[in-house]
Each structure stands twice: as C-alpha cells, then as structure tokens.
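J.: The following block contains a protein sequence and its predicted model.
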Amino acid sequence: MSENVANFPQPSASKEAKDVGGVAGQRLKSFLERIERLTEEKESLMEDMKEVYAEAKGVGFDVKIMRRIIKLRKMDPEKRREEDELLALYSAAIGLA
C-alpha cells in the first residue's frame, strides 16, 4: 500500500461492538470496516492509475487529452452529440469557430 493510505484508528481488543440505543453495533462496525478496506483499495488503484498516466506521458501521449477521451467514452452517445452541438453553437456565437 502507498504511504497515502488512510490510517484509520484500530479499536482496542477490549472494546466489543454492541447494540446501543437501537444501533446494531456489530453491523455498524462491519459496514465501517468494509468502507475502510474499500478506501484503502481505492487509494491503491488511484496510485496505479497515476503511474499509468505517467508512463503514457513518458512515451509522448498528452495526459490531459487522454483524460478527456476517457470522459467522452463514459458519456452516453446522445448526450455527447448534444454537448458537441452546443459547443459548436456557442463557439460560433462568439466568433471562435
């Protein structure tokens, strides 16, 4: 794991989760632990993505353009077409196109 991984405080062994005031302690603890694990995995994946972008940049690709392409690929084709048309319209309206 990277050094940026969140350091969540670990509960002491003497404190057991219990139901208090209508809150299911063990269930809540389980959710929190899962979120903590996923957060660590997410941070690790983000570091991996950063390395891939750095590698691509190192061989001459424009990372900013790559990020834009990824955003476009995620977009619904109709929404992308609509956005492109508005961009062209607005650009023409200000004399940019």
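T.: Yes, it's here.
J.: Please, where are all the helices along this structure?
T.: Shown for the chain, the helices assigned by DSSP state H span residues 25-58, 63-74, 77-93.
J.: got TSV for those helices, with mean pLDDT, distance to residue 16 and mean neighbour count too?
T.: Heads up, the C-betas are built off the backbone N, CA and C, glycines and all. Below are the helices of the chain laid out as TSV (pLDDT from 0 to 100; distance: least, Cβ to Cβ, whole Å; neighbours: other Cβ atoms under 10 Å):
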stretch	mean pLDDT	distance to residue 16	mean neighbour count
helix 25-58	97	8	12
helix 63-74	97	44	10
helix 77-93	97	50	11
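J.: List just the one of the ones you listed that sits closest to residue 19.
T.: Closest approach to residue 19 among those (Cβ to Cβ): helix 25-58, 5.3 Å.
J.: residues contacting residue 63?
T.: The contact partners of residue 63, taken as Cβ atoms under 8 Å, 6 or more residues apart in numbering, are 53, 56-57.
J.: Quick check: of these, which lies closest to residue 75?
T.: Using Cβ to Cβ, the contacts of residue 63 come closest to residue 75 at residue 53, 19.9 Å.
J.: Skip the chain neighbours and tell me the closest residue to the closest one.
T.: Among residues not flanking residue 53 along the chain, residue 63 sits closest, at 4.9 Å (Cβ to Cβ, 6 or more residues apart in numbering).
J.: JSON lines for the helices of the chain, including distance to residue 19?
T.: Formatted as JSON lines, the helices of the chain follow (distance: least, Cβ to Cβ, whole Å):
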{"stretch": "helix 25-58", "distance to residue 19": "5"}
{"stretch": "helix 63-74", "distance to residue 19": "42"}
{"stretch": "helix 77-93", "distance to residue 19": "46"}
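J.: nearest to residue 17, of those?
T.: Comparing these by Cβ to Cβ, helix 25-58 comes nearest, at 3.7 Å.
J.: Which strands or helices does that closest one pack on?
T.: The contact analysis (3 or more Cβ pairs under 8 Å, 6 or more residues apart in numbering; DSSP states H and E) places helix 25-58 against helix 63-74.
J.: what about residue 19, how many neighbours?
T.: 11 (other Cβ atoms under 10 Å).
J.: dump the residue contacts of the closest residue to it other than its chain neighbours.
T.: For residue 19, ignoring the flanking residues on the chain, the nearest one in space by Cβ to Cβ, 6+ apart is residue 25 at 5.3 Å. Shown in contact with residue 25 (Cβ under 8 Å, 6+ apart): 17-19.
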